[in-house]
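> I'd like to go over a predicted model; first the sequence, then the structure.
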Amino acid sequence: MILVSSCLAGNPVRYNGTACLDNTIQKLIAEKKAIAVCPELLGGFNTPREPAEILGGNGYDVLTGKAKVIERSGNDVTELYINGAVKTLEIAQEMKVTHVVLKEYSPSCGSKEIYNGEFVGEKVAGVGVTTALLKRNGIQVISECELENLKDEI
C-alpha cells in the first residue's frame, strides 16, 4: 500500500483550495493501491488557509524544537504541523505502507525542497515536518517528481 498527498489525488485541500492532480496517483487510488491523506487537515487546518513556511531550518529542526512553522501573518502553527505529521505516521503504520508520495515544497510534505521561510518564493534543500517524521521512523518518502521510480515496485 502507498500513502499519497491528498492534493495529488485531485482533492482541493492545498492552502489556497486547489489540487495538484497527478494522473498516476489517481490511477493508483482507483486500483486501491494507494490511499490519500492531507497532513495539514489531519493536524486541524481548514481549506483554504494562510500559507505557511518553516522558519529557522527544516522539518527535522521543527521536530526537535529548533525551528517553527509560521504563517505569512506571523502566527506560529508549529503544533498543528506536528499533530498532522503524527497522525499521518499513525495511518502509515496502521496501513503498513511501503512508500509515501508527498507534494514537494510543502512545509509538511516536501521531501527534497521546501520554501525558505521568507515568503518570497525561494526554495531551499530540506524536508517538511511530515516527511521528517516518516523518515525518522524508517518510511520511504518521495515526491511526485520521483513517482516514475516506483513503477516497478507498485
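Arrived safely, thanks for sending.
> ok, for the residue most central in space within the chain, nearest residue in space, not its chain neighbours?
Residue closest to the average C-alpha location in the chain (CA atoms, centre = their mean): C109, at 2.0 Å. Leaving aside its chain neighbours, C109 sits nearest to L102 (3.5 Å; criterion: CB to CB, 6 or more residues apart in numbering). Every residue, glycine included, has its C-beta placed from N, CA and C.
> roughly how far apart are K32 and V101?
According to CB to CB, to the nearest Å, K32 stands 16 Å off from V101.
> Pick out whichever of these two has more residues nearby.
V101 (29 against 8; other CB atoms under 10 Å).
> Would you agree the more buried one is in contact with L150?
Yes. Here V101 lies in contact with L150, judged by CB atoms under 8 Å, at a distance of 7.5 Å.
> Overlap in contacts, these two.
Shared contacts of V101 and L150, defined by CB atoms under 8 Å, 6 or more residues apart in numbering, comprise I2, I142.
> quick one: the strands in this protein?
Here the chain has its strands, by DSSP state E, at 2-5, 34-37, 52-55, 68-71, 99-102, 113-115, 123-125, 140-143.
> which secondary structure elements does the third one contact?
The criterion is 3 or more CB pairs under 8 Å, 6 or more residues apart in numbering; DSSP states H and E, and the helices and strands that strand 52-55 contacts are strand 68-71, strand 113-115.
> Any chance you could list what contacts the longest one?
Taking contacts as CB under 8 Å, 6+ apart, the residues outside strand 68-71 that touch it are 49-56, 62, 76-78, 80-81, 107, 117, 129.
> Kindly provide the whole-number mean pLDDT of that strand.
Mean pLDDT, computed over strand 68-71, is 98.
> follow-up on the earlier one: now, which of the contacts of strand 68-71 lie within helices?
Within those, residues falling in helices by DSSP state H are V62, T78, L80, Y81, V129.
> wait, isn't the third one in contact with L42?
This points to L80. No. Here L80 lies out of contact with L42, judged by CB under 8 Å, at a distance of 9.5 Å.
> For N116, see how far away the nearest residue to G57 once chain neighbours are set aside is.
Of all residues not flanking G57 in the chain, A67 sits nearest, at 3.4 Å (CB to CB, 6+ apart). Using CB to CB, A67 is found at 12 Å from N116.
> Show me which of those two is the more surrounded one.
Each of A67 and N116 has its neighbours counted (other CB under 10 Å); A67 has more, 20 against 15.
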